[in-house]
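Engineer: Here is my input, please return the structure:
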Amino acid sequence: MPQFPLDGTELRDNFRYFTAIQVRWNDLDAYRHVNNARYHAFFDSAIMHCLTVDGGFDLLDGPVVPFTVENLCRFHRALSFPDLVEAGLRVARLGSSSVRYELGLFRAGDPLVCATGYFVDVFVGREDSRPCPLPPAIRAHLARFTV
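Structural biologist: Sure, this is the predicted structure:
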């Protein structure tokens with residue numbers, strides 16, 4: 001499995017899936033930079049877009065749900081309003097009930113990464129919150145983005 005830096009040298013070409021996220025005025029902090037907590041929300045939005053919009057995952061009524069058990073964000077360059085963010089995603093590990101997503105946030109058209117990080121999700125039963133196998137359709141969808 002290839003190892004990627006997840007640092008300020010990360011390249012767009014290392015990511016397999018992209019979605020656009022518009023920075024809103026209320027995403028800014030007192031310094032007029034995107035607030036650090038919003039970077040995590042951008043990562044989460046990219047993951048949910050990949051799963052639900054493109055993957056057909058039923059987050060609201062399906063029998064399993066993803067629980068985030070670990071995440072990390074590294075800041076490299078500031079984002080601000082009215083930037084359009086291009087969130088890149090790759091699947092670094094696809095386990096039986098868990099997924100490690102690695103992400104990069106880029107200002108639209110800019111080759112330099114603004115933030116990198118990862119999320120680890122464990123899929124659990126909606127009723128009992130116990131780990132369970134990824135649904136086959138979601139496993140196949142996520143496999144397309146595995147590095």
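Engineer: which parts of stretch 139-147 are buried?
Structural biologist: Using 16 or more other CB atoms under 10 Å as the test for burial, stretch 139-147 gives 141-142, 145. Where you see a C-beta, it was placed from the backbone N, CA and C, and this is true even at glycine.
Engineer: Residue 78: which of these is nearest?
Structural biologist: Distance to residue 78, by CB to CB, is smallest for residue 145 among these, at 27.2 Å.
Engineer: you'd agree that closest one is up against residue 89?
Structural biologist: Yes. Using CB atoms under 8 Å, residue 145 is in contact with residue 89, at 6.3 Å.
Engineer: joint contacts of the two?
Structural biologist: Common contact partners of residue 145 and residue 89 (CB atoms under 8 Å, 6 or more residues apart in numbering): 16-17, 50.
Engineer: show me what contacts residue 5?
Structural biologist: Going by CB under 8 Å, 6+ apart, residue 5 touches residue 116.
Engineer: Need the pLDDT of it.
Structural biologist: Taken from the predicted model, the pLDDT recorded for residue 5 is 91.
Engineer: can you check the one 10 residues further on too?
Structural biologist: Per-residue pLDDT puts residue 15 at 97.
Engineer: so who does it touch?
Structural biologist: Residue 15 touches 88-90, 102-104, counting by CB under 8 Å, 6+ apart.
Engineer: nearest residue to it other than its sequence neighbours?
Structural biologist: residue 88 (3.0 Å; CB to CB, 6 or more residues apart in numbering).
Engineer: quick check, that neighbour in a strand?
Structural biologist: Yes. Assessed by DSSP: H, G, I helix; E, B strand; the rest coil, residue 88 belongs to a strand.
Engineer: mind listing the strands for this protein?
Structural biologist: Using DSSP state E, the strands of the chain run over 17-22, 64-75, 84-94, 98-107, 113-125.
Engineer: What is the nearest of the shared contacts of residue 145 and residue 89 to residue 108?
Structural biologist: Proximity of those to residue 108 (CB to CB) peaks at residue 17, which lies at 16.0 Å.
Engineer: do you know how far the closest one is from residue 145?
Structural biologist: 5 Å (CB to CB, to the nearest Å).
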